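**Student:** I'd like to go over a predicted model; first the sequence, then the structure.
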Amino acid sequence: MHYIVFLFILFFFSSCSSDKPSAVDSTLSSSSFEISSSIFSSSTIEPHSSSSKNPVINSSSAETPKESSSSVSSSSVEKSNSSSSAKTPSSSSDSGICTSCDSYTALPPEIVENGGSGSITTYGSITAKETSQGGACNYGETNIQYYAAIHVHQIPGDFLGPWKNGLACGACVSVKAKTPTGWKSTIVRITDKCPDDNCGVDLGGAPASDIMGIIVGRYEGEWEFVPCKGIENVYGDSTSIYTKEGTNSFWSVIQVRNPPDALESITLVNLKDSTTYNLELAIEAENYWKVPSEVLQSEDSFSITVSYRSGNPETWFLKGNELSQEQKTFYYYEYK
């Protein structure tokens with residue numbers, strides 16, 4: 001009996017103790033909560049902090065185009081600025097405005113690679129504006145109103161100017177001079193040589209009028225050799241080869257008239273045996289080229305190639321003995 005009562009009391013106390021957590025359980029539970037809270041709190045803060053320093057791949061990919069676009073835009077601005085700067089022409093400080101413009105001091109001309117600078121004068125009538133009579137280039141009467149003479153010397157007596165025994169003949173020159181209102185320019189064909197040692201370019205009447213107006217004199221200016229083709233008042237219909245008076249089967253000199261640019265050379269080639277002749281300027285007359293007598297006496301066909309300063313040579317085809325005809329004109333369009 002006592003044993004049964006003891007078992008009952010023991011069962012009763014066991015049931016009551018299972019309804020309340022032990023101190024240890026409470027402590028463990030509290031500790032677990034704090035640890036769990038700490039971990040959660042850390043996990044919510046750390047990923048955020050990490051993403052600000054090291055963005056995830058998707059975020060980085062999204063930002064890359066912006067950075068790339070910004071970089072390209074900056075580069076484009078730099079290129080644009082550079083391009084804009086490169087296209088800005090450098091302005092000349094010399095406006096060409098002068099006083100007493102017609103009284104430039106007579107000095108020998110200065111020569112540069114394709115032209116020169118110095119005196120711009122005139123020997124034509126600015127009112128009549130006549131055409132060139134051929135001058136020292138031996139063209140005879142022409143229809144060229146815009147003509148000029150060019151200097152023979154660089155310094156008096158040295159013969160180092162562009163004239164060179166008439167090699168300058170037929171060339172065109174762009175000329176500009178200082179005036180009271182600034183630079184004025186014109187284009188002329190060379191048909192003559194200057195008699196003045198200090199001459200640069202000596203203009204005919206029409207071009208002189210364009211630059212000087214009614215106040216003729218010695219002006220300061222510059223000039224540059226340019227092609228003639230297509231230039232109004234200096235270029236005709238067709239280039240031609242002309243044989244001088246007195247030509248015969250033993251002697252002949254030829255001249256190129258109305259060339260598209262300054263001459264450099266004339267070459268004859270026998271089309272039968274390929275014999276080649278490089279013509280030389282004649283000493284008998286300026287602006288003429290000497291033809292060998294064997295060509296004049298030949299019935300073979302020849303090519304005559306005229307080379308110019310700017311390239312684009314022109315070639316005639318005719319028989320050698322045709323060049324023995326006196327004062328004969330061979331137009332390029334008929335013999336090419």
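**Tutor:** Yep, it's here.
**Student:** now do the contacts for residue 229.
**Tutor:** Neighbour list for residue 229: 235, 260, 261 [criterion: CB atoms under 8 Å, 6 or more residues apart in numbering]. To be clear about C-beta, it is placed using only N, CA and C from the backbone, and glycine gets the same treatment.
**Student:** if we go to 6 Å?
**Tutor:** If you count contacts by CB atoms under 6 Å, 6 or more residues apart in numbering, residue 229 has them with 235, 260.
**Student:** can you check residue 327 too?
**Tutor:** residue 245.
**Student:** and it, which of the three is it?
**Tutor:** Here residue 327 is recorded as coil under DSSP: H, G, I helix; E, B strand; the rest coil.
**Student:** how about residue 136?
**Tutor:** helix.
**Student:** check residue 333 too.
**Tutor:** Under three-state DSSP, residue 333 comes out as helix.
**Student:** that one: how many residues sit nearby?
**Tutor:** Residues near residue 333, counting by other CB atoms under 10 Å, number 9.
**Student:** the residue nearest to it when sequence neighbours are not counted: helix or strand, and which one exactly?
**Tutor:** Among residues not flanking residue 333 along the chain, residue 238 sits closest, at 4.9 Å (CB to CB, 6 or more residues apart in numbering). In the assignment (DSSP states H and E), residue 238 maps to no helix and no strand.
**Student:** do residue 256 as well
**Tutor:** Here residue 256 is assigned to strand 253-257, by DSSP H and E.
**Student:** how about that strand as PDB, C-alpha atoms only?
**Tutor:** Provided in PDB are the C-alpha atoms of strand 253-257 (Å, rounded to 0.1, in the frame of the first residue of the first chain):
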ATOM      1  CA  VAL A 253      62.000  74.800-135.400                       C
ATOM      2  CA  ILE A 254      58.500  74.300-133.900                       C
ATOM      3  CA  GLN A 255      56.500  76.000-131.200                       C
ATOM      4  CA  VAL A 256      53.600  75.000-129.000                       C
ATOM      5  CA  ARG A 257      50.800  77.500-129.000                       C
END
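**Student:** angle of the very next helix or strand once past it against strand 253-257?
**Tutor:** For strand 253-257, the following helix or strand on the C-terminal side (DSSP H and E) is strand 263-270. For strand 263-270 against strand 253-257, the angle by axes from the mean of the first three to the mean of the last three CA atoms, to 10 degrees is 130 degrees.
**Student:** next, residue 125: secondary structure please.
**Tutor:** Going by three-state DSSP: residue 125 is coil.
**Student:** then residue 210?
**Tutor:** helix.
**Student:** spatially nearest residue to it (excluding sequence neighbours)?
**Tutor:** In space, residue 210 is closest to residue 186, 4.7 Å off (CB to CB, 6+ apart).
**Student:** ok, now how distant is the one you found from residue 131?
**Tutor:** 16 Å (CB to CB, to the nearest Å).
**Student:** neighbour-wise, which of the two wins?
**Tutor:** In this view residue 186 and residue 131 are compared by other CB under 10 Å, and residue 186 has more residues nearby, 22 against 19.
**Student:** what sits against the more buried one?
**Tutor:** 175, 207, 210, 211.
**Student:** okay, it: pLDDT?
**Tutor:** For residue 186, the pLDDT comes out at 96.
**Student:** partners of the helix or strand containing it in the sheet?
**Tutor:** Assigned by DSSP H and E, residue 186 falls within strand 184-193. Under the criterion DSSP bridges, strand 184-193 sits next to strand 147-150 (parallel), strand 172-177 (antiparallel) in its sheet.
**Student:** and residue 114, which of the ones you listed is closest to it?
**Tutor:** Smallest distance to residue 114 across these (CB to CB): 9.9 Å, for strand 172-177.
**Student:** where does residue 76 land on pLDDT?
**Tutor:** For residue 76, pLDDT reads 33.
**Student:** shaky segments in this protein?
**Tutor:** 1-92 (pLDDT under 70).
**Student:** mind doing that once more with 90?
**Tutor:** Applying pLDDT under 90 to the chain flags the ranges 1-94, 112-113, 124-134, 140-143, 154-160, 195-197, 205, 229-238, 310-311.
**Student:** which residue ranges make up the domains of it?
**Tutor:** If you go by automatic domain parsing, the domain ranges for the chain are 110-226, 240-335.
**Student:** closest to residue 104 out of those domains?
**Tutor:** Per CB to CB, nearest to residue 104 of these: domain 110-226, 4.3 Å.
**Student:** and the end-to-end length of the closest one?
**Tutor:** 18 Å (CA to CA, to the nearest Å).
**Student:** next: stretch 307-314.
**Tutor:** 7 Å.
**Student:** likewise for stretch 221-233?
**Tutor:** Stretch 221-233 end-to-end distance (CA to CA) = 21 Å.
**Student:** buried set for that stretch?
**Tutor:** 221, 222, 223, 224, 225, 226, 227, 228, 229, 231, 233 (16 or more other CB atoms under 10 Å).
**Student:** which of the residues you listed sit farthest apart?
**Tutor:** 221 and 229 (23.9 Å).
**Student:** all the helices of the chain, in order from the start?
**Tutor:** 2-17, 23-53, 57-87, 205-212, 293-296, 332-335 (DSSP state H).
**Student:** mind putting the strands paired with strand 184-193 into TSV with mean neighbour count and distance to residue 321?
**Tutor:** Formatted as TSV, the strands paired with strand 184-193 follow (neighbours: other CB atoms under 10 Å; distance: least, CB to CB, whole Å):
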stretch	mean neighbour count	distance to residue 321
strand 147-150	28	34
strand 172-177	23	34
